[in-house]
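Peer 1: The following comprises the amino acid sequence and a computationally predicted model.
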There are 2 protein chains.
Amino acid sequence: MTNTVMVEKAKVSKINEVDFDNLPFGSVYSDHMLVCDYKDGKWNAPKIMPYQPLTLDPSAKIFHYGQSIFEGMKAYKDDEGSIWLFRPLENFKRLNKSAKRIAIPELPEEYFMEGLTTLLQLDSDWIPQNPGSSLYVRPFILASGTGFHASPADEYKFIIACAPSGAYFSGKVRVLIEENYSRAANGGVGYAKAGGNYAGQFYPTQLAIDKGYNQVIWTDDNTHEYIEEAGAMNIFVRINDTLITGPTSDRILDGITRKSILDIAEDEGIATEVRKISVTEVVEAAKNGSLKEMFGAGTAAVVSPIAGFGYKETDYDLPELTNSYASLLKKRITDIQYNRAEDKFGWRYKV
Amino acid sequence: MTNTVMVEKAKVSKINEVDFDNLPFGSVYSDHMLVCDYKDGKWNAPKIMPYQPLTLDPSAKIFHYGQSIFEGMKAYKDDEGSIWLFRPLENFKRLNKSAKRIAIPELPEEYFMEGLTTLLQLDSDWIPQNPGSSLYVRPFILASGTGFHASPADEYKFIIACAPSGAYFSGKVRVLIEENYSRAANGGVGYAKAGGNYAGQFYPTQLAIDKGYNQVIWTDDNTHEYIEEAGAMNIFVRINDTLITGPTSDRILDGITRKSILDIAEDEGIATEVRKISVTEVVEAAKNGSLKEMFGAGTAAVVSPIAGFGYKETDYDLPELTNSYASLLKKRITDIQYNRAEDKFGWRYKV
């Protein structure tokens, strides 16, 4: 692969200003970013430049019509200083799947992969090695083309920015099963990592936070009888010894952590089921004691154990387990990600 | 009302570069814009400044989480040179309704109204007087606060930009009744003018355009049996002599043109019904000849007559009427907007 990425290095690094022992999530940015412009009907070669503000016309369609998509990835550094990504081609494929649904032109694979690896090599000092920390990598595309006509833009920017980050959630979360609000429509854009899917969650999530919960468990918009996602994560439920997650659909994101966990669980000999999960079933299981665990799964939080849930003004607590699936699966997946264990699935990608 | 709007005038006007006889829709911008910043927990006083690019951090939440809302308005100039708006307080109220749902802090009324009127007075030369033209006014709010955490921003920008504009659609449109894709979920954000609602429509609309239609008629996401909106407009159906539109809901925008048309129709003695409209009813009415008209209604296009529709691979043509409700109602509403007729409803607002 010939390197087509132009690089303009930052004159001064900001890295000494950063306290790597007290990293928040996604709010400190590395020295460089990748920018790739779509113009005159094609994606132009990516450029790496110092991390800097974007300048856009007030009529840029991103500001009016929510035409944006993103991915979430992490880069890890092992004890030998090698840099690893986890299934990056899956992120690339999903980015283009989202792009198609949001009428954004699909990106060439080489611009994504070459841009990403060149950026990570340049900013490799920014990849934390503290336990639980990593470099959060945010590829995104926004509509920079202008006009107040509600139609797709004619110009776009693909950007990758990086943020050395600590844990997304600390500790277990309490969740509220949603009875009124919804995240996605049948035939809508729920399966895409489209910006608008997230803004719509903020208000119902705040209502749940005001009631003492951390997150919302989204249910289907028609009956509110099937659980679909946990905040911005996929959701897993363990009933007795079976691990269950909902099927992907046009409402549910095809999570990379989700499908990796299914594979690892099978490898561990854990019985898994991919099928619709009804709220009634979860509540009944909580009442009769067969509900052992619930957890969210996603790139940012990896595996996020749920301590309990609220539904129809009643709270249900989950048991404290010494050998939970959540901790087993989180260890297995992070050991692969950080190059601490064998990668029998071929998921690790050396940068 | 004391004027709290600071004004920085443009040194040179761009108005002589504009061909007012050949105006596109929403793609030429006036000399000034209003900017109002939300910071440290409050909206700061608005400023008017030369129309100029915005500078935002790549991690601004607008780029990632679709946290934006907008309004569409028009300013009109009558033969005496007086400037008029149409029900601007309705736009203000809806902006704050959208704001609440998208977890954006609500805006004080005086900042909206005083900012708007000061801007229009300053850029009054930009309001076209050619028939069918007007100054399209775009108030919008975007999340400028930063961070890759999927949560509401802590900083926002409220902006008003203006574009002298010709007609949105020219001539009648052909529409496709949607059987697969959806615009909004029950319990979702369909009633808000949120950016993400529009990006999700672009791809299905392009599929319809590829089949020879101009727009999609959105149906409910659960059964696709009830018609809801026409592209980015509300939809009206005339069966025999009754004018019917769907009820507003959490999926359907509470359109200002929509409700004004209902009032004018009643004033004209036209029988109106606000109720669910099934696709079956529309197709049957088209077959038996009782379907006389369909039209979209919204600020940009005002009233947009539909020439015919497609459904399940069949095309249905609507009759050519000499005295259509669409043309009568469009004349009545635009005569009020342009100060060419009595305003018995008190909708006109002098700037």
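Peer 2: Noted; the coordinates are in hand. Predicted model, so just to flag it, every value in this text is computed and none were measured. Residues are numbered from 1 along each chain as shown, chains lettered A, B, ... in the order given.
Peer 1: can you give me the helices for the stretch 1-150 of chain A?
Peer 2: Applying DSSP state H, counting those that start in this stretch to the stretch 1-150 of chain A gives helices spanning A:62-65, A:88-101, A:109-122.
Peer 1: List the residue ranges of the stretch 251-351 of chain A that fall below the pLDDT cut-off.
Peer 2: Filtered on pLDDT under 70, the stretch 251-351 of chain A yields no residues whatsoever.
Peer 1: near chain B, which residues of it?
Peer 2: residue A:300 (Cβ under 8 Å from any Cβ of the partner chain). Quick note: C-beta positions are derived from backbone N, CA and C, even for glycine.
Peer 1: make it 10 Å
Peer 2: Within the stretch 251-351 of chain A, the positions lying close to chain B (Cβ under 10 Å from any Cβ of the partner chain) are A:251, A:298, A:300.
Peer 1: Make sure the second one is actually in contact with residue A:236.
Peer 2: To tie it back to what came earlier, the one meant is residue A:298. No: using Cβ atoms under 10 Å, residue A:298 is not in contact with residue A:236; the gap is 11.1 Å.
Peer 1: farthest residue from the center of chain A?
Peer 2: residue A:288 (33.3 Å; Cα atoms, centre = their mean).
Peer 1: State the distance from it to chain B.
Peer 2: 29 Å (Cβ to the nearest Cβ, to the nearest Å).
Peer 1: residue contacts, that residue?
Peer 2: residue A:239 (Cβ atoms under 10 Å, 6 or more residues apart in numbering or on different chains).
Peer 1: swap the cut-off to 8 Å and go again
Peer 2: Shown in contact with residue A:288 (Cβ atoms under 8 Å, 6 or more residues apart in numbering or on different chains): no residues.
Peer 1: if we compare the helices of the stretch 1-150 of chain A, which one ends up closest to residue A:13?
Peer 2: helix A:109-122 (10.7 Å; Cβ to Cβ).
Peer 1: Taking helix A:88-101 as reference, get the angle to that closest one.
Peer 2: 130 degrees (axes from the mean of the first three to the mean of the last three Cα atoms, to 10 degrees).
Peer 1: what mean pLDDT would you report for helix A:109-122?
Peer 2: Per-residue pLDDT values over helix A:109-122 give a mean of 97.
Peer 1: now swap in stretch A:18-34 and tell me
Peer 2: Stretch A:18-34 comes out at a mean pLDDT of 93.
Peer 1: give me the number of residues near residue A:335?
Peer 2: When neighbours are counted by other Cβ atoms under 10 Å in any protein chain shown, residue A:335 registers 13.
Peer 1: Look up the closest residue to residue A:151, ignoring the ones flanking it.
Peer 2: residue B:202 (6.7 Å; Cβ to Cβ, 6 or more residues apart in numbering or on different chains).
Peer 1: quick one: contacts for the residue of the stretch 51-200 of chain A found nearest chain B?
Peer 2: Of all residues in the stretch 51-200 of chain A, the one sitting closest to chain B is residue A:196 (1.5 Å; Cβ to the nearest Cβ). Residues near residue A:196 by Cβ under 8 Å, 6+ apart: A:66, A:189, B:66, B:189, B:194-197, B:199-200.
Peer 1: Next one: residue A:313 from residue A:176, what distance?
Peer 2: Residue A:313 sits 10 Å away from residue A:176, taking Cβ to Cβ, to the nearest Å as the criterion.
Peer 1: what does residue A:146 give?
Peer 2: Relative to residue A:176, residue A:146 is positioned 40 Å away (criterion: Cβ to Cβ).
Peer 1: Just the buried positions in stretch A:27-35, please.
Peer 2: Of all the residues in stretch A:27-35, those buried under the rule 16 or more other Cβ atoms under 10 Å in any protein chain shown are A:28-35.
Peer 1: In strands, which of these appear?
Peer 2: A:32-35 (DSSP state E).
Peer 1: can you tell me if stretch A:219-228 touches chain B.
Peer 2: Yes: against chain B, stretch A:219-228 shows contacts by Cβ under 8 Å from any Cβ at A:221-222, A:224.
Peer 1: Redo those as a markdown table? Include pLDDT.
Peer 2: Shown next, in a markdown table, are the residues of stretch A:219-228 next to chain B (pLDDT from 0 to 100):
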| residue | pLDDT |
| --- | --- |
| A:221 | 95 |
| A:222 | 95 |
| A:224 | 97 |
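Peer 1: Is it correct that residue A:94 is in contact with residue A:193?
Peer 2: Yes: applying Cβ atoms under 8 Å, one finds residue A:94 in contact with residue A:193, separated by 6.8 Å.
Peer 1: Same drill for the two, tell me which one is more crowded.
Peer 2: residue A:193 (27 against 19).
Peer 1: Just read off the phi/psi values of the more buried one.
Peer 2: phi -90, psi 70 (degrees, to the nearest 10).
Peer 1: contacting residues for it?
Peer 2: So residue A:193 contacts A:69-72, A:94-95, A:98, A:253 (Cβ under 8 Å, 6+ apart).
Peer 1: Out of those residues, who's the most crowded?
Peer 2: Busiest of the contacts of residue A:193 [other Cβ under 10 Å] is residue A:69, holding 31 neighbours.
Peer 1: Now do the closest residue to that one other than its chain neighbours, the pLDDT please.
Peer 2: Closest residue in space to residue A:69, ignoring its immediate chain neighbours: residue A:98 at 4.0 Å, by Cβ to Cβ, 6+ apart. At residue A:98, the model reports a pLDDT of 98.
Peer 1: Can you pull out the low-pLDDT segments for the stretch 101-250 of chain A?
Peer 2: Scanning the stretch 101-250 of chain A for pLDDT under 70 picks out the ranges A:169-170.
Peer 1: The nearest residue to residue A:106 once chain neighbours are set aside: neighbour count?
Peer 2: Nearest non-adjacent residue to residue A:106, counting by Cβ to Cβ, 6+ apart: residue A:96, 4.4 Å away. Residue A:96 has 19 neighbouring residues, counting by other Cβ under 10 Å.
Peer 1: does residue A:96 really touch residue A:105, like I thought?
Peer 2: No: contact criterion Cβ under 8 Å: residue A:96 and residue A:105 do not qualify, at 9.5 Å.
Peer 1: wait, is residue A:204 part of a strand?
Peer 2: No: going by DSSP: H, G, I helix; E, B strand; the rest coil, the assignment for residue A:204 is helix, not a strand.
Peer 1: Can you give me the neighbour number for the residue nearest to it when sequence neighbours are not counted?
Peer 2: Distance criterion Cβ to Cβ, 6+ apart; nearest residue to residue A:204, sequence neighbours excluded, is residue A:181 at 3.8 Å. Residue A:181 is flanked by 24 other residues according to other Cβ under 10 Å.
Peer 1: And the one 3 residues further on, by the same measure?
Peer 2: Using other Cβ under 10 Å, the number of residues around residue A:184 comes to 28.
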